[in-house]
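*Asks:* Give me the fold of what follows.
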Amino acid sequence: MRSEPQSLTARGERVRGARRRTSPVLAAMALASVLTLTATGCGSGGPDANAQASASATSEGDGKITIPDDIRDRLKEHGIDVDKWKNGAWKDWDRDDWLREAQDYVNPIIEGLWDPERMREAEDPGRGVQESDLSGDRGVTDPEPAPVDAKAVSPTYHDNVPEAGKVFFDSPEGTMVCSATVVVDPAHPGKSNLVWTAGHCVHAGRSGGWYRNIAFVPSYNDRALSAEELADATEGELAPYGVWWADWAGTSDQWIAQGGPTGGEGAPYDFAVIHVTPEEGGSGKSLEETVGSALPVNFAAPAVPRVESITVDGYPAAAPFDGETLYQCQDRPGRLSINASDPTMYRIGCTMTGGSSGGGWVSTGADGEPALVSNTSIGPVNAGWLAGPRLGEAAEGVYDTVSRKFAGR
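*Replies:* Residues are numbered from 1 along each chain as shown. Sure, this is the predicted structure:
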């Protein structure tokens, strides 16, 4: 019997209506007191690609934001006018002007941009590729796992999975969503502002550049409000622990050079670390202090056959899910090899769909405590399983660079 070709896709999601409507003009739009501009970055031969926060705007007594002239000049070197950017110029995705290299990352805060309307409702972007893209695998790939039904996490999410949340960002295709995890920062014990997600949730890979307006919302829809209740939900209900903008981002050189729109190519290096800051200045507490938890990252997890179980978190949005509810899958992982020269990926049975990209893969470490060992990268369009990169030297390089750059701040 002839089998139908299976499709694979990265697990990101586009916010509904992004192609059909223009985002409302927000009276509260203003450039807040954090600008990010990369001054230095790793070379093409380095283990990671990162963007360094190099300067901050200042606030005058009247509440207006003043951007230092040297920062304006450096932004203009990339063709970016700060005032035009915050008033909508970020929507221009001209290929020649789209910042791509590691050292080009810039993500000015636009207060009020991520209002409830923009955060709600996500749909499948339909970015599938055929299974034949994986036909040249020469490494070890285990049989396809049986599907494991994703189970809704009981509210409140903060009580059960306080490290989980959603990442929002803008791309040429529209407003997108991914999932993410708060992780510890060795340079700031107990006070981390680091978030782990997928590389394709911050950078388009070989065909593009850095995405824009990247923000993290921990414990999104914490009380698991229904669709009817969400229609009138406030920002406080959708984002009870605030909106945290990515003032710095890092992903692998391999993802930037090889990453494809579906994740099949570059997928073994499809991870990213972002450093965040609160949109409205916050209370002075770090993200970790605000949510009360952060997971350690295990870069020396045992070989796949020795891992008994992995639990995956995410906010799946493609049917039959709606992107508003946190789900989990638990399964014993198998191996998936995209290319014999690349690290073998983890693969588990799971029915989560698009929107779950970047969600944390958690396993019990040698010390008996939970640790992050991967993130969701790819899966078939018709669901059934998920795959994530095994975190090794390249991932640790990205993580350590982010941590070190903010060590004295």
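
*Asks:* Show the contacting residues for residue 197.
*Replies:* Residues near residue 197 by C-beta atoms under 8 Å, 6 or more residues apart in numbering: 167, 178, 179, 180, 181, 271, 272, 273, 274, 357, 358, 375. In this view, the C-beta of every residue, glycine as well, is placed from N, C-alpha and C.

*Asks:* For the first one, give its distance to residue 324.
*Replies:* The reference is to residue 167. 15 Å (C-beta to C-beta, to the nearest Å).

*Asks:* the more surrounded of those two?
*Replies:* Higher neighbour count among residue 167 and residue 324: residue 167, with 30 against 23, using other C-beta atoms under 10 Å.

*Asks:* Show me what the more buried one is bridged to.
*Replies:* residue 178, residue 216 (DSSP bridges).

*Asks:* now the protein, which segments are flagged as low pLDDT?
*Replies:* The model of the chain has pLDDT under 70 over residues 1-75, 78, 95-97, 102-103, 121-138, 262-263.

*Asks:* which helix in it runs the most residues?
*Replies:* helix 393-405 (DSSP state H).

*Asks:* That helix - contacts with which helices or strands?
*Replies:* In terms of contacts (3 or more C-beta pairs under 8 Å, 6 or more residues apart in numbering; DSSP states H and E), helix 393-405 is packed against strand 49-50, strand 194-197, strand 244-251, strand 272-278.

*Asks:* coming back round to it: ok, of the contacts of residue 197, which one's closest to residue 234?
*Replies:* In terms of C-beta to C-beta, no member of the contacts of residue 197 lies closer to residue 234 than residue 167, at 20.7 Å.

*Asks:* can you map out the helices along this protein?
*Replies:* Here the chain has its helices, by DSSP H, at 69-77, 82-86, 116-119, 157-160, 227-230, 235-238, 253-258, 287-291, 393-405.

*Asks:* separation between residue 169 and residue 288?
*Replies:* Relative to residue 288, and taking C-beta to C-beta, residue 169 is found at 22 Å.

*Asks:* now do residue 279
*Replies:* Separation of residue 279 from residue 288 (C-beta to C-beta) stands at 17 Å.

*Asks:* Repeat that for residue 242.
*Replies:* 13 Å.

*Asks:* Equivalent analysis for residue 298, please.
*Replies:* Taken as C-beta to C-beta, the span from residue 298 to residue 288 is 18 Å.

*Asks:* Between those two, tell me which one has more neighbours.
*Replies:* For residue 298 versus residue 288, neighbours defined as other C-beta under 10 Å are more numerous around residue 288 (24 against 20).

*Asks:* got the buried residues for the longest helix of the chain?
*Replies:* Neighbour-count burial for helix 393-405, counted by 16 or more other C-beta atoms under 10 Å, picks out 394, 395, 397, 398, 399, 400, 401, 402, 403, 405.

*Asks:* So what's the gap between it and the chain middle?
*Replies:* 16 Å (C-alpha atoms, centre = their mean, to the nearest Å).

*Asks:* what do you get for stretch 274-288?
*Replies:* 17 Å.

*Asks:* How about stretch 186-204?
*Replies:* Counting by C-alpha atoms, centre = their mean, stretch 186-204 is centred 9 Å from the centre of its parent chain.

*Asks:* distance between the ends of that stretch?
*Replies:* Criterion C-alpha to C-alpha, to the nearest Å; first-to-last residue distance in stretch 186-204 is 28 Å.
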